[in-house]
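K.L.:
Fold the following for me, if possible:
(one chain, ligands or ions: 1)
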Amino acid sequence: MVVGVLALQGSFNEHIAALKRLGVKGVEVRKPEQLLTVSSLIIPGGESTTMAKLAELHNLFPALRDFVQMGKPVWGTCAGLIFLANKATGQKTGGQELVGGLDCTVHRNFFGSQIQSFETELPVPQIVAKEGGPPSFRAVFIRAPAILDVGPDVEVLAAIPLSAIESINSNPAIQKEEESEKKVIVAVKQGNLLATAFHPELTADTRWHSYFLKMVPEIADGTSAIVPTSTTY
Ligand code: GLN
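P.N.:
Prediction:
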């Protein structure tokens, strides 16, 4: 089984390495025709405006939209989440093209700039229900987006109380906008689409990759199996 990883910019190598740890081959996708050779796709984190410019240059947007609309499993992490959102707000958003399909609004730099990047223990009950392991996931947020609102078909998989993040509490701009007890959505699923505001490919815990692979029909129906013993926490 082959999983495509959009390889224009960002952490595509790390996703391919995480897939390899699960016994699954990840292939780099840079051209529209390569999407015909993969059954699912990961859109990595990186810098979404740069990634969008490169996607435009390679004429990838129509093929990416078709891929999403055909119901093929697609997982966006961080900048990949921004790509999948129907709407993006936040600094420097102006005119940026999105793939869309995920019924939500994303704030591109909700958690602040590079220096406000952080790690936190994120409760992940749905992941634990499917994958087992510890009750939380060590989530790495780098210049991270957040999901501001979701449509009725979107399932929230993880949310984080703003009060849990020190860097946010010291960021007056965000504090003014948000009550400190409010939770922000950082992982969602809508049918064939999965999106996380953080970077599971940068940790040794492969549960999100394993969860995504179970959304791939060949794995769900047992035609192609991943090696369960290689799952790490
Ligand atoms: N906020 C970034 C953007 O707008 C995404 C950051 C990331 O992917 N780590 O592209």
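K.L.:
C-alpha only now, for contacts and for neighbours.
P.N.:
OK.
K.L.:
So the one helix or strand residue 184 maps to, near the ligand or not?
P.N.:
If you go by DSSP states H and E, residue 184 is part of strand 183-190. No. Residues of strand 183-190 contacting the ligand under C-alpha under 6 Å from any ligand atom: none, with a closest distance of 12.7 Å.
K.L.:
For residue 81, which residues are in contact?
P.N.:
Listed by C-alpha atoms under 8 Å, 6 or more residues apart in numbering, the contact set of residue 81 reads 43, 75, 195-197.
K.L.:
mind putting the residues you listed in a markdown table, distance to the ligand included?
P.N.:
Below are the contacts of residue 81 laid out as a markdown table (distance: C-alpha to the nearest ligand atom, whole Å):
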| residue | distance to the ligand |
| --- | --- |
| 43 | 10 |
| 75 | 13 |
| 195 | 12 |
| 196 | 10 |
| 197 | 8 |
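K.L.:
buried sites along the strand or helix carrying residue 53?
P.N.:
Element membership for residue 53, per DSSP H and E: helix 48-57. For helix 48-57, the neighbour count (16 or more other C-alpha atoms under 10 Å) marks 48-49, 51-52, 55 as buried.
K.L.:
Packing partners of that helix?
P.N.:
Helix 48-57 is packed against helix 79-84, with contacts defined by 3 or more C-alpha pairs under 8 Å, 6 or more residues apart in numbering; DSSP states H and E.
K.L.:
Contacts for the next helix or strand after the strand holding residue 184, please.
P.N.:
Remark: after strand 183-190, the chain's next helix or strand is strand 193-196, criterion DSSP H and E. Identification of contacts with strand 193-196 by C-alpha under 8 Å, 6+ apart yields 68, 73-78, 80-81, 84, 102, 186-189, 212.
K.L.:
Of all pairs in these, which one is the farthest apart?
P.N.:
68 and 186 (20.4 Å; C-alpha to C-alpha).
K.L.:
Just want to know which of those two has more residues nearby.
P.N.:
Applying other C-alpha atoms under 10 Å to residue 68 and residue 186 shows that residue 186 carries more neighbours, namely 25 against 20.
K.L.:
roughly how far apart are the more buried one and the ligand?
P.N.:
To the ligand, residue 186 is 13 Å away according to C-alpha to the nearest ligand atom, to the nearest Å.
K.L.:
Equivalent analysis for residue 65, please.
P.N.:
Distance from residue 65 to the ligand, counting by C-alpha to the nearest ligand atom: 19 Å.
K.L.:
Confirm that residue sits in a strand?
P.N.:
No. In this structure, residue 65 is helix, not part of a strand, as judged by DSSP: H, G, I helix; E, B strand; the rest coil.
K.L.:
Now for residue 65: which residues touch it?
P.N.:
With C-alpha under 8 Å, 6+ apart, residue 65 has these contacts: 99-101.
K.L.:
Of these, which is the most crowded?
P.N.:
Busiest of the contacts of residue 65 [other C-alpha under 10 Å] is residue 99, holding 24 neighbours.
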